[in-house]
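# The sequence and its predicted three-dimensional model are supplied below.
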Amino acid sequence: MYPDLSYLFHAILGTEPDNWLSVFKTFGFFLALAFLASAVTYYAELKRKAREGLFRPTRVVITEGLPATPAEIAGNALIGLIVGGKGLYAVQHFADFRQDPASIILSAKMHWLAAILGAALFGGLSWWEAHRKRKDKPESREVDVWPHDRISEMTVWAAVGGIVGAKVFDLFDNWESFLRDPAGALLSGGGLAFYGGLVLGFIAVVTYIWRNGIPFFHAADAVAPALVAGYGVGRIGCQLSGDGDWGIVNQAPKPDWMSFLPDGFWATTYPHNVLNTPYTDPVSSVPIEGCTWEYCMQLSMPVYPTPLYEILMMVAVFGILWVLRTRLRVPGMLFFVYLILIAVERFFIEKIRVNVLHDFLGTKLSQAQIISLGLITVSVIGLILLWMRRRRA
(Lines give C-alpha, C1' and ligand atoms only; values in the text may rest on other atoms or scores of the structure.)
Protein backbone atom coordinates (compact mmCIF):
# COMPACT_ATOMS: atom_id res chain seq x y z
CA MET A 1 0.00 0.00 0.00
CA TYR A 2 0.96 3.62 -0.42
CA PRO A 3 -0.01 5.70 2.65
CA ASP A 4 1.52 8.80 1.07
CA LEU A 5 3.08 9.77 -2.24
CA SER A 6 6.61 8.96 -1.06
CA TYR A 7 5.64 5.28 -0.98
CA LEU A 8 4.01 5.53 -4.40
CA PHE A 9 7.15 7.10 -5.87
CA HIS A 10 9.22 4.39 -4.17
CA ALA A 11 7.17 1.75 -6.01
CA ILE A 12 7.45 3.59 -9.35
CA LEU A 13 10.94 5.10 -9.24
CA GLY A 14 12.68 3.26 -6.39
CA THR A 15 13.25 6.40 -4.29
CA GLU A 16 13.35 6.09 -0.51
CA PRO A 17 9.98 6.59 1.23
CA ASP A 18 9.27 8.88 4.20
CA ASN A 19 10.74 11.93 2.48
CA TRP A 20 9.17 15.35 1.89
CA LEU A 21 6.55 13.79 -0.39
CA SER A 22 5.03 12.12 2.67
CA VAL A 23 3.20 15.39 3.35
CA PHE A 24 0.88 14.47 0.50
CA LYS A 25 -1.32 11.63 1.71
CA THR A 26 -2.49 9.25 -0.98
CA PHE A 27 -6.13 9.28 0.13
CA GLY A 28 -6.27 13.08 0.18
CA PHE A 29 -4.57 13.26 -3.22
CA PHE A 30 -7.14 10.95 -4.81
CA LEU A 31 -9.97 12.72 -2.98
CA ALA A 32 -8.91 15.91 -4.76
CA LEU A 33 -8.73 13.99 -8.05
CA ALA A 34 -12.22 12.61 -7.34
CA PHE A 35 -13.70 16.12 -7.11
CA LEU A 36 -11.81 17.06 -10.27
CA ALA A 37 -13.14 14.01 -12.14
CA SER A 38 -16.69 14.83 -11.04
CA ALA A 39 -16.32 18.48 -12.04
CA VAL A 40 -14.94 17.66 -15.50
CA THR A 41 -17.67 15.09 -16.20
CA TYR A 42 -20.42 17.37 -14.87
CA TYR A 43 -19.12 20.28 -16.96
CA ALA A 44 -19.14 18.15 -20.12
CA GLU A 45 -22.71 16.99 -19.51
CA LEU A 46 -24.02 20.44 -18.64
CA LYS A 47 -22.41 21.85 -21.78
CA ARG A 48 -23.88 19.05 -23.93
CA LYS A 49 -27.36 19.73 -22.55
CA ALA A 50 -26.89 23.45 -23.23
CA ARG A 51 -26.03 22.68 -26.87
CA GLU A 52 -29.23 20.61 -27.09
CA GLY A 53 -31.26 23.60 -25.90
CA LEU A 54 -32.20 22.08 -22.54
CA PHE A 55 -30.72 25.00 -20.57
CA ARG A 56 -31.06 28.74 -21.00
CA PRO A 57 -28.45 31.28 -19.89
CA THR A 58 -28.98 33.73 -17.06
CA ARG A 59 -28.35 37.40 -17.75
CA VAL A 60 -25.94 38.75 -15.15
CA VAL A 61 -24.83 42.36 -14.77
CA ILE A 62 -21.07 42.79 -14.29
CA THR A 63 -19.68 46.13 -13.16
CA GLU A 64 -16.02 46.89 -13.80
CA GLY A 65 -13.94 49.57 -12.13
CA LEU A 66 -15.44 49.39 -8.63
CA PRO A 67 -13.25 49.50 -5.51
CA ALA A 68 -12.83 46.34 -3.46
CA THR A 69 -15.68 45.79 -1.03
CA PRO A 70 -15.04 45.17 2.69
CA ALA A 71 -16.31 41.60 2.22
CA GLU A 72 -13.79 40.94 -0.58
CA ILE A 73 -10.92 42.36 1.48
CA ALA A 74 -12.00 40.41 4.56
CA GLY A 75 -12.36 37.17 2.58
CA ASN A 76 -8.87 37.46 1.12
CA ALA A 77 -7.47 38.47 4.51
CA LEU A 78 -8.98 35.31 5.99
CA ILE A 79 -7.27 33.22 3.32
CA GLY A 80 -3.98 34.96 4.07
CA LEU A 81 -4.42 34.38 7.79
CA ILE A 82 -4.90 30.65 7.24
CA VAL A 83 -2.14 30.28 4.64
CA GLY A 84 0.39 32.30 6.63
CA GLY A 85 -0.44 30.96 10.08
CA LYS A 86 -0.92 27.33 9.13
CA GLY A 87 1.93 27.36 6.62
CA LEU A 88 4.65 28.55 8.99
CA TYR A 89 3.29 26.39 11.82
CA ALA A 90 3.44 23.34 9.53
CA VAL A 91 7.04 24.16 8.58
CA GLN A 92 8.05 24.54 12.23
CA HIS A 93 6.27 21.30 13.20
CA PHE A 94 6.96 19.40 10.00
CA ALA A 95 7.22 15.98 11.67
CA ASP A 96 3.74 16.34 13.18
CA PHE A 97 2.32 17.80 9.96
CA ARG A 98 3.79 14.99 7.86
CA GLN A 99 2.27 12.40 10.18
CA ASP A 100 -1.24 13.90 10.33
CA PRO A 101 -1.86 17.07 8.27
CA ALA A 102 -5.56 17.17 9.28
CA SER A 103 -4.66 17.57 12.97
CA ILE A 104 -3.03 20.91 12.09
CA ILE A 105 -5.14 22.10 9.17
CA LEU A 106 -8.45 21.45 10.97
CA SER A 107 -7.38 22.85 14.35
CA ALA A 108 -6.66 26.23 15.93
CA LYS A 109 -2.91 25.58 15.77
CA MET A 110 -1.06 28.29 13.86
CA HIS A 111 1.80 30.77 14.01
CA TRP A 112 -0.12 33.90 14.92
CA LEU A 113 2.45 36.49 13.84
CA ALA A 114 2.66 34.87 10.40
CA ALA A 115 -1.16 34.66 10.37
CA ILE A 116 -1.50 38.42 10.98
CA LEU A 117 1.14 39.24 8.37
CA GLY A 118 -0.53 36.88 5.90
CA ALA A 119 -3.93 38.50 6.51
CA ALA A 120 -2.45 41.97 6.00
CA LEU A 121 -0.66 40.90 2.81
CA PHE A 122 -3.63 39.15 1.17
CA GLY A 123 -6.10 41.81 2.26
CA GLY A 124 -3.78 44.56 1.03
CA LEU A 125 -3.25 42.86 -2.31
CA SER A 126 -7.01 42.54 -2.74
CA TRP A 127 -7.44 46.27 -2.12
CA TRP A 128 -4.53 47.20 -4.39
CA GLU A 129 -5.66 45.04 -7.31
CA ALA A 130 -9.14 46.62 -7.26
CA HIS A 131 -7.66 50.10 -6.77
CA ARG A 132 -5.33 49.58 -9.76
CA LYS A 133 -8.32 48.76 -12.01
CA ARG A 134 -10.62 51.38 -10.49
CA LYS A 135 -12.39 53.71 -12.91
CA ASP A 136 -13.77 57.17 -12.22
CA LYS A 137 -16.99 56.02 -13.85
CA PRO A 138 -17.54 52.24 -13.35
CA GLU A 139 -18.89 50.44 -16.43
CA SER A 140 -21.70 47.88 -16.31
CA ARG A 141 -22.52 45.25 -18.91
CA GLU A 142 -24.72 42.19 -19.20
CA VAL A 143 -23.28 38.75 -19.90
CA ASP A 144 -24.82 35.32 -20.42
CA VAL A 145 -23.97 32.79 -17.72
CA TRP A 146 -24.74 29.15 -18.55
CA PRO A 147 -25.00 26.35 -15.96
CA HIS A 148 -21.62 24.92 -17.06
CA ASP A 149 -20.05 28.34 -16.40
CA ARG A 150 -20.94 27.87 -12.73
CA ILE A 151 -19.17 24.51 -12.37
CA SER A 152 -16.39 25.80 -10.10
CA GLU A 153 -18.91 27.23 -7.65
CA MET A 154 -21.03 24.06 -7.72
CA THR A 155 -17.91 21.95 -7.09
CA VAL A 156 -17.06 24.00 -4.02
CA TRP A 157 -20.61 23.63 -2.69
CA ALA A 158 -20.53 19.88 -3.37
CA ALA A 159 -17.09 19.48 -1.77
CA VAL A 160 -18.04 21.29 1.43
CA GLY A 161 -21.41 19.57 1.74
CA GLY A 162 -19.96 16.18 0.81
CA ILE A 163 -17.07 16.24 3.29
CA VAL A 164 -19.26 17.55 6.13
CA GLY A 165 -21.96 14.98 5.38
CA ALA A 166 -19.50 12.11 5.12
CA LYS A 167 -17.96 13.03 8.47
CA VAL A 168 -21.31 13.55 10.24
CA PHE A 169 -22.78 10.23 9.03
CA ASP A 170 -19.61 8.42 10.08
CA LEU A 171 -19.90 9.91 13.58
CA PHE A 172 -23.40 8.42 13.91
CA ASP A 173 -21.95 5.00 13.09
CA ASN A 174 -19.14 5.46 15.62
CA TRP A 175 -20.95 7.42 18.30
CA GLU A 176 -19.09 5.88 21.26
CA SER A 177 -15.71 6.75 19.75
CA PHE A 178 -16.94 10.30 19.12
CA LEU A 179 -18.04 10.68 22.76
CA ARG A 180 -14.67 9.42 24.00
CA ASP A 181 -12.70 11.89 21.85
CA PRO A 182 -14.93 14.46 20.09
CA ALA A 183 -12.06 16.65 18.90
CA GLY A 184 -10.05 13.70 17.62
CA ALA A 185 -13.04 12.26 15.76
CA LEU A 186 -13.96 15.58 14.15
CA LEU A 187 -10.42 16.54 13.17
CA SER A 188 -9.34 13.16 11.94
CA GLY A 189 -8.73 12.91 8.20
CA GLY A 190 -10.28 9.44 8.17
CA GLY A 191 -13.78 8.22 8.84
CA LEU A 192 -15.95 9.25 5.91
CA ALA A 193 -19.33 7.68 5.12
CA PHE A 194 -20.23 7.52 1.43
CA TYR A 195 -23.96 8.14 1.81
CA GLY A 196 -23.37 11.07 4.14
CA GLY A 197 -21.27 12.73 1.46
CA LEU A 198 -23.82 11.90 -1.22
CA VAL A 199 -26.81 13.22 0.74
CA LEU A 200 -25.39 16.51 2.04
CA GLY A 201 -23.35 17.09 -1.11
CA PHE A 202 -26.52 16.61 -3.16
CA ILE A 203 -28.50 18.94 -0.89
CA ALA A 204 -25.78 21.59 -1.23
CA VAL A 205 -25.78 21.40 -5.04
CA VAL A 206 -29.61 21.36 -5.22
CA THR A 207 -29.68 24.48 -3.07
CA TYR A 208 -27.23 26.15 -5.42
CA ILE A 209 -29.05 25.24 -8.65
CA TRP A 210 -32.42 26.28 -7.11
CA ARG A 211 -31.00 29.68 -6.15
CA ASN A 212 -29.71 30.17 -9.68
CA GLY A 213 -32.80 28.94 -11.53
CA ILE A 214 -31.22 25.86 -13.16
CA PRO A 215 -33.77 23.16 -14.17
CA PHE A 216 -33.51 20.45 -11.50
CA PHE A 217 -34.09 17.21 -13.41
CA HIS A 218 -31.78 18.10 -16.29
CA ALA A 219 -29.07 19.10 -13.81
CA ALA A 220 -29.66 15.88 -11.82
CA ASP A 221 -29.31 13.74 -14.95
CA ALA A 222 -26.07 15.52 -15.79
CA VAL A 223 -24.62 14.93 -12.32
CA ALA A 224 -25.33 11.16 -12.27
CA PRO A 225 -22.28 10.01 -14.29
CA ALA A 226 -20.20 12.72 -12.60
CA LEU A 227 -20.94 11.29 -9.15
CA VAL A 228 -19.98 7.80 -10.31
CA ALA A 229 -16.71 9.07 -11.78
CA GLY A 230 -15.82 10.87 -8.56
CA TYR A 231 -16.73 7.92 -6.36
CA GLY A 232 -14.67 5.51 -8.46
CA VAL A 233 -11.59 7.74 -8.32
CA GLY A 234 -12.06 8.22 -4.58
CA ARG A 235 -12.16 4.46 -4.07
CA ILE A 236 -8.78 4.22 -5.82
CA GLY A 237 -7.44 6.35 -2.97
CA CYS A 238 -9.05 4.03 -0.40
CA GLN A 239 -7.49 0.95 -2.01
CA LEU A 240 -4.00 2.39 -2.55
CA SER A 241 -3.71 3.94 0.92
CA GLY A 242 -5.33 1.09 2.86
CA ASP A 243 -7.53 3.46 4.85
CA GLY A 244 -9.44 0.74 6.73
CA ASP A 245 -12.37 0.69 4.33
CA TRP A 246 -11.74 -2.95 3.51
CA GLY A 247 -13.75 -6.15 3.78
CA ILE A 248 -14.19 -8.97 6.25
CA VAL A 249 -11.65 -11.76 6.73
CA ASN A 250 -11.24 -13.95 3.64
CA GLN A 251 -9.23 -17.13 4.10
CA ALA A 252 -11.04 -19.10 1.41
CA PRO A 253 -8.88 -20.38 -1.46
CA LYS A 254 -8.79 -18.25 -4.57
CA PRO A 255 -11.40 -19.45 -7.11
CA ASP A 256 -10.13 -21.03 -10.31
CA TRP A 257 -11.98 -18.48 -12.45
CA MET A 258 -9.80 -15.74 -10.88
CA SER A 259 -6.54 -17.58 -11.50
CA PHE A 260 -5.44 -15.07 -14.16
CA LEU A 261 -5.68 -12.18 -11.66
CA PRO A 262 -3.14 -11.24 -8.97
CA ASP A 263 -3.83 -12.73 -5.53
CA GLY A 264 -4.58 -9.25 -4.18
CA PHE A 265 -7.84 -9.21 -6.15
CA TRP A 266 -9.15 -12.01 -3.91
CA ALA A 267 -7.59 -11.31 -0.51
CA THR A 268 -4.87 -9.06 0.89
CA THR A 269 -3.33 -8.03 4.20
CA TYR A 270 -2.90 -4.38 3.13
CA PRO A 271 0.82 -4.08 3.97
CA HIS A 272 2.06 -0.56 4.82
CA ASN A 273 -1.54 0.66 5.29
CA VAL A 274 -2.06 4.26 6.30
CA LEU A 275 -3.71 3.35 9.63
CA ASN A 276 -0.32 2.13 10.90
CA THR A 277 -1.74 0.81 14.16
CA PRO A 278 -2.23 -2.65 15.72
CA TYR A 279 -5.85 -1.79 16.53
CA THR A 280 -7.73 -2.45 13.29
CA ASP A 281 -10.98 -4.16 12.26
CA PRO A 282 -11.88 -6.91 11.58
CA VAL A 283 -8.52 -8.25 12.82
CA SER A 284 -5.53 -6.72 14.52
CA SER A 285 -2.46 -5.61 12.57
CA VAL A 286 1.09 -6.89 13.06
CA PRO A 287 4.51 -5.46 12.16
CA ILE A 288 6.00 -6.37 8.79
CA GLU A 289 9.15 -8.36 9.42
CA GLY A 290 12.32 -6.48 8.50
CA CYS A 291 10.53 -3.22 7.70
CA THR A 292 12.31 -0.09 8.93
CA TRP A 293 10.04 2.51 7.36
CA GLU A 294 7.45 4.62 9.14
CA TYR A 295 4.47 2.58 7.90
CA CYS A 296 5.30 -1.04 8.74
CA MET A 297 1.99 -2.66 9.68
CA GLN A 298 -0.19 -5.19 7.90
CA LEU A 299 -3.34 -7.10 8.82
CA SER A 300 -2.77 -10.35 10.67
CA MET A 301 -5.24 -12.11 8.35
CA PRO A 302 -6.22 -11.42 4.71
CA VAL A 303 -9.47 -9.59 3.93
CA TYR A 304 -11.59 -8.86 0.86
CA PRO A 305 -10.26 -5.79 -1.05
CA THR A 306 -13.72 -4.21 -1.24
CA PRO A 307 -12.53 -0.80 -2.51
CA LEU A 308 -11.05 -2.60 -5.51
CA TYR A 309 -14.37 -4.30 -6.20
CA GLU A 310 -16.17 -0.97 -6.00
CA ILE A 311 -13.73 0.60 -8.45
CA LEU A 312 -14.57 -2.12 -10.98
CA MET A 313 -18.30 -1.77 -10.32
CA MET A 314 -18.11 2.01 -10.76
CA VAL A 315 -16.52 1.47 -14.17
CA ALA A 316 -19.50 -0.71 -15.11
CA VAL A 317 -22.08 1.71 -13.69
CA PHE A 318 -20.42 4.67 -15.40
CA GLY A 319 -20.51 2.80 -18.71
CA ILE A 320 -24.22 2.05 -18.32
CA LEU A 321 -25.08 5.65 -17.47
CA TRP A 322 -22.90 7.01 -20.26
CA VAL A 323 -24.78 4.92 -22.79
CA LEU A 324 -28.23 5.71 -21.33
CA ARG A 325 -27.62 9.46 -20.99
CA THR A 326 -28.58 10.09 -24.65
CA ARG A 327 -31.27 7.41 -24.81
CA LEU A 328 -33.46 8.25 -21.79
CA ARG A 329 -35.29 11.34 -22.97
CA VAL A 330 -37.48 11.89 -19.90
CA PRO A 331 -35.78 14.38 -17.56
CA GLY A 332 -34.96 12.78 -14.19
CA MET A 333 -34.99 9.16 -15.35
CA LEU A 334 -31.21 8.85 -15.62
CA PHE A 335 -30.76 10.16 -12.09
CA PHE A 336 -33.21 7.64 -10.65
CA VAL A 337 -31.49 4.84 -12.59
CA TYR A 338 -28.21 6.03 -11.07
CA LEU A 339 -29.67 5.89 -7.56
CA ILE A 340 -30.94 2.34 -8.10
CA LEU A 341 -27.63 1.10 -9.51
CA ILE A 342 -25.55 2.71 -6.79
CA ALA A 343 -27.89 1.51 -4.05
CA VAL A 344 -27.91 -2.09 -5.30
CA GLU A 345 -24.11 -2.05 -5.57
CA ARG A 346 -23.73 -0.62 -2.09
CA PHE A 347 -26.25 -3.00 -0.51
CA PHE A 348 -24.41 -6.10 -1.70
CA ILE A 349 -20.84 -4.86 -1.15
CA GLU A 350 -21.81 -4.16 2.46
CA LYS A 351 -22.20 -7.91 3.00
CA ILE A 352 -18.43 -8.39 2.84
CA ARG A 353 -17.36 -5.08 4.38
CA VAL A 354 -16.50 -4.26 7.99
CA ASN A 355 -19.56 -2.44 9.32
CA VAL A 356 -21.52 -1.34 12.35
CA LEU A 357 -24.86 -3.19 12.17
CA HIS A 358 -28.22 -1.83 13.32
CA ASP A 359 -31.54 -3.52 14.11
CA PHE A 360 -33.91 -2.85 11.22
CA LEU A 361 -37.29 -4.57 10.84
CA GLY A 362 -36.10 -7.68 12.65
CA THR A 363 -32.79 -8.02 10.82
CA LYS A 364 -29.25 -6.68 11.09
CA LEU A 365 -28.27 -4.14 8.44
CA SER A 366 -25.59 -1.50 8.14
CA GLN A 367 -26.41 2.19 7.88
CA ALA A 368 -25.57 2.08 4.17
CA GLN A 369 -27.84 -0.91 3.54
CA ILE A 370 -30.78 0.78 5.25
CA ILE A 371 -30.24 3.93 3.17
CA SER A 372 -29.85 1.78 0.04
CA LEU A 373 -33.28 0.23 0.57
CA GLY A 374 -34.76 3.70 0.99
CA LEU A 375 -33.07 4.96 -2.19
CA ILE A 376 -34.29 1.99 -4.21
CA THR A 377 -37.85 2.52 -2.99
CA VAL A 378 -37.83 6.26 -3.68
CA SER A 379 -36.21 5.77 -7.09
CA VAL A 380 -38.67 3.11 -8.25
CA ILE A 381 -41.55 5.36 -7.22
CA GLY A 382 -39.89 8.28 -9.01
CA LEU A 383 -39.46 6.29 -12.21
CA ILE A 384 -43.10 5.17 -12.13
CA LEU A 385 -44.31 8.75 -11.63
CA LEU A 386 -42.12 10.03 -14.48
CA TRP A 387 -43.37 7.27 -16.77
CA MET A 388 -47.01 8.01 -15.88
CA ARG A 389 -46.50 11.72 -16.52
CA ARG A 390 -44.89 10.92 -19.86
CA ARG A 391 -47.89 8.70 -20.81
CA ARG A 392 -50.32 11.49 -19.97
CA ALA A 393 -48.35 14.07 -21.94
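Nice, thanks for sending it over.
# From now on I want contacts and neighbour counts done on CA atoms only, so please keep to that.
OK.
# who's in contact with stretch 313-320?
Contact with stretch 313-320 is made by 225, 228-229, 231-232, 338, 341-342, 345, as judged by C-alpha atoms under 8 Å, 6 or more residues apart in numbering.
# now those residues as CSV including distance to residue 302 and neighbour count?
Shown next, in CSV, are these (distance: C-alpha to C-alpha, whole Å; neighbours: other C-alpha atoms under 10 Å):
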residue, distance to residue 302, neighbour count
225, 33, 26
228, 28, 26
229, 28, 25
231, 25, 21
232, 23, 26
338, 32, 23
341, 29, 21
342, 27, 18
345, 23, 17
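# can you give me the strands in the stretch 251-393 of the chain?
285-287, 297-299, 357-360, 363-366 (DSSP state E, counting those that start in this stretch).
# Can you give me the buried ones in the last one?
Right, the one you point to is strand 363-366. 365-366 (16 or more other C-alpha atoms under 10 Å).
# Just give me how far it sits from the chain centre.
Relative to its chain's centre, strand 363-366 lies at 26 Å (C-alpha atoms, centre = their mean, to the nearest Å).
# do the same with the third one
Taking C-alpha atoms, centre = their mean, one finds strand 357-360 lying 26 Å from the centre of the chain it belongs to.
# neighbouring contacts of that strand?
By C-alpha under 8 Å, 6+ apart, strand 357-360 touches 364-367, 370.
# again with the first one
Outside strand 285-287, the residues within contact range by C-alpha under 8 Å, 6+ apart are 277-279, 296-300.
# Adding pLDDT and neighbour count, write those out as CSV.
Below are these laid out as CSV (pLDDT from 0 to 100; neighbours: other C-alpha atoms under 10 Å):
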residue, pLDDT, neighbour count
277, 91, 16
278, 94, 15
279, 90, 12
296, 95, 19
297, 96, 24
298, 96, 27
299, 96, 26
300, 96, 19
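# tell me, how many neighbours does residue 7 end up with?
26 (other C-alpha atoms under 10 Å).
# and if you look at residue 68?
Neighbours of residue 68 (other C-alpha under 10 Å): 17.
# is it true that it lies in a strand?
No - judged by DSSP: H, G, I helix; E, B strand; the rest coil, residue 68 forms no part of a strand; its state is coil.
# Was I right to think it contacts residue 131?
Yes - counting by C-alpha atoms under 8 Å, residue 68 touches residue 131, with 7.2 Å between them.
# which one of the strands of the stretch 251-393 of the chain lies closest to residue 24?
strand 297-299 (19.5 Å; C-alpha to C-alpha).
# Figure out how far the closest one is from the centre of its chain.
Distance, centroid of strand 297-299 to centroid of chain: 26 Å (C-alpha atoms, centre = their mean).
# next one: stretch 5-17
Worked out by C-alpha atoms, centre = their mean, stretch 5-17 lies 25 Å from the chain centre.
# in that stretch, what's buried?
Quick answer for stretch 5-17 (16+ other C-alpha under 10 Å): 5-8, 17.
# and if you look at stretch 303-320?
303-308, 310-311, 313-314, 317-318.
# where's the dip in pLDDT among the contacts of stretch 313-320?
Of all the contacts of stretch 313-320, residue 231 carries the smallest pLDDT score, 90.
# so that one touches residue 34, yeah?
Yes - using C-alpha under 8 Å, residue 231 is in contact with residue 34, at 6.6 Å.
# returning to that earlier point: closest one to residue 75 out of the contacts of stretch 313-320, please.
When these are compared against residue 75 (criterion: C-alpha to C-alpha), the nearest one is residue 231, at 30.9 Å.
# Report the contact partners of the closest one.
Taking C-alpha under 8 Å, 6+ apart, one finds 34, 314 in contact with residue 231.
# Any stretches of the chain with poor pLDDT?
Within the chain, the stretches with pLDDT under 70 are 102, 106, 167, 169-198, 393.
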